[in-house]
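**Q** Okay, structure incoming, though there's no sequence with it:
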C-alpha cells in the first residue's frame, strides 16, 4: 500500500539558522527551486545511472529490497530505482518537490514520501533495522556539517545488519564558515576524511570512498558505507 505526504518531526532539534536558510532555497518560490527542472537533463542523469558510472557501480553492490533516498527532490532518481525494489522511502524538506515526485510515480504502489520538518536526521517513522540500503545523490553536497552527521548517525540506526549507504557528499573545505552559495557548485563545508571519521565513529565500515571533480577539481566525494 502506498503512503504519501507524511509530515515527520525530526529526532534532532535544530537551532542552525544556516540549515533553515538552505532548506528555503529549494522550497516552492525559493531561489533555486528551478534546479529541479534543470536536473532532469538526460545527460546529467547518465552520470549517475549509466553502466560506466561509479555511482551505478557502487549502487549495484547494495541490496535494493528496502531503499531510502535522502534529499529525493522531484524524484528523478527515484524513477530509476522504484521498479527494482520492494519499497522505496523518499525523504525531502521541499513539500513542492515531493508533490512532483508523487505525481511522477503515481502509478506505482511501493513508495512512501516523507516531508522532513528540519532537514536533520531520518524520522522515527522509519524504524530501527528496517532498510537494506540508503542513498543520496546531488543533495547532501549542500548540507550543513551537523545535518550530515545526523544523517550518518540515523542511517546506522535504520539499516539492517550488513545494509549499505551510498552518499554523494562534498569534499570542499576551503571556505569554513562561509555560505554555501559562495562555494563552487554550492558545495558545503565537508571533506572526505571528516566524513569517513564521522562514519567510523558511528559504527560504519568504509567499503569505498572516491574523490572526483565537479565544478572544480576534487570538490565531490562518493562514499559507500556498510553497517
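**A** Everything's here; your move. Just so it is clear, the model here is predicted, and its values are computed rather than measured.
**Q** Now for residue 159: which residues touch it?
**A** 129, 130, 131, 132, 133, 134, 165, 227 (CB atoms under 8 Å, 6 or more residues apart in numbering). The way it works is simple: take the backbone N, C-alpha and C, and place the C-beta from them, glycine included.
**Q** 10 Å instead?
**A** Going by CB atoms under 10 Å, 6 or more residues apart in numbering, residue 159 touches 63, 66, 68, 122, 128-134, 165, 203-204, 225-227.
**Q** Now it: phi and psi?
**A** phi -80, psi 150 (degrees, to the nearest 10).
**Q** any idea how far residue 183 is from the most centrally placed residue in the chain?
**A** Of all residues in the chain, the one closest to the mean position by CA atoms, centre = their mean is residue 136, 2.7 Å from it. Using CB to CB, to the nearest Å, residue 136 is found at 18 Å from residue 183.
**Q** Sketch out the low-pLDDT regions of the protein for me.
**A** Regions of the chain meeting the criterion pLDDT under 70 cover residues 1-16, 22-39.
**Q** Which helix runs longest in it?
**A** What stands out as the longest helix in the chain, according to DSSP state H, is helix 145-158.
**Q** Which neighbouring elements make contact with that one?
**A** Under the contact criterion of 3 or more CB pairs under 10 Å, 6 or more residues apart in numbering; DSSP states H and E, helix 145-158 touches helix 17-25, strand 66-70, strand 131-136, strand 159-170, helix 192-201, strand 220-226.
**Q** Next, the angle from it to strand 159-170.
**A** Angle, helix 145-158 to strand 159-170, by axes from the mean of the first three to the mean of the last three CA atoms, to 10 degrees: 160 degrees.
**Q** just how off-centre is helix 145-158 within its chain?
**A** Counting by CA atoms, centre = their mean, to the nearest Å, helix 145-158 is centred 11 Å from the centre of its parent chain.
**Q** which parts of that helix are buried?
**A** Neighbour-count burial for helix 145-158, counted by 16 or more other CB atoms under 10 Å, picks out 145, 147-158.
**Q** Out of those, which two are the most distant from each other?
**A** Within these, 145 and 158 form the most distant pair, 20.8 Å apart (CB to CB).
**Q** Which residues are in contact with residue 194?
**A** Contacts of residue 194 (CB under 10 Å, 6+ apart): 145, 148, 149, 169, 170, 171, 173.
**Q** ok, it to residue 172 distance?
**A** From residue 194 to residue 172 the distance is 11 Å (CB to CB).
**Q** Give the residues shared as contacts by those two.
**A** The contact sets of residue 194 and residue 172 do not overlap (CB under 10 Å, 6+ apart).
**Q** hang on, the earlier thing: just the buried residues of the contacts of residue 159.
**A** If you count burial by 16+ other CB under 10 Å, the buried members of the contacts of residue 159 come out as 66, 68, 122, 130-134, 165, 204, 225-227.
**Q** which pair in these spans the largest distance?
**A** Using CB to CB, the pair of the buried ones among the contacts of residue 159 lying farthest apart is 66 and 204, separated by 18.1 Å.
**Q** who's residue 92 bridged to?
**A** Counting by DSSP bridges, residue 92 forms beta bridges with residue 115.
**Q** surely it meets residue 140?
**A** No. The pair residue 92 / residue 140 is not scored as a contact, 12.0 Å apart, by CB atoms under 10 Å.
**Q** before we move on, back to that, same list, the buried residues of helix 145-158, but as JSON lines with distance to residue 58 please.
**A** Compiled in JSON lines, the buried residues of helix 145-158 are given as follows (distance: CB to CB, whole Å):
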{"residue": "145", "distance to residue 58": "23"}
{"residue": "147", "distance to residue 58": "22"}
{"residue": "148", "distance to residue 58": "18"}
{"residue": "149", "distance to residue 58": "22"}
{"residue": "150", "distance to residue 58": "23"}
{"residue": "151", "distance to residue 58": "17"}
{"residue": "152", "distance to residue 58": "17"}
{"residue": "153", "distance to residue 58": "21"}
{"residue": "154", "distance to residue 58": "21"}
{"residue": "155", "distance to residue 58": "15"}
{"residue": "156", "distance to residue 58": "18"}
{"residue": "157", "distance to residue 58": "22"}
{"residue": "158", "distance to residue 58": "19"}
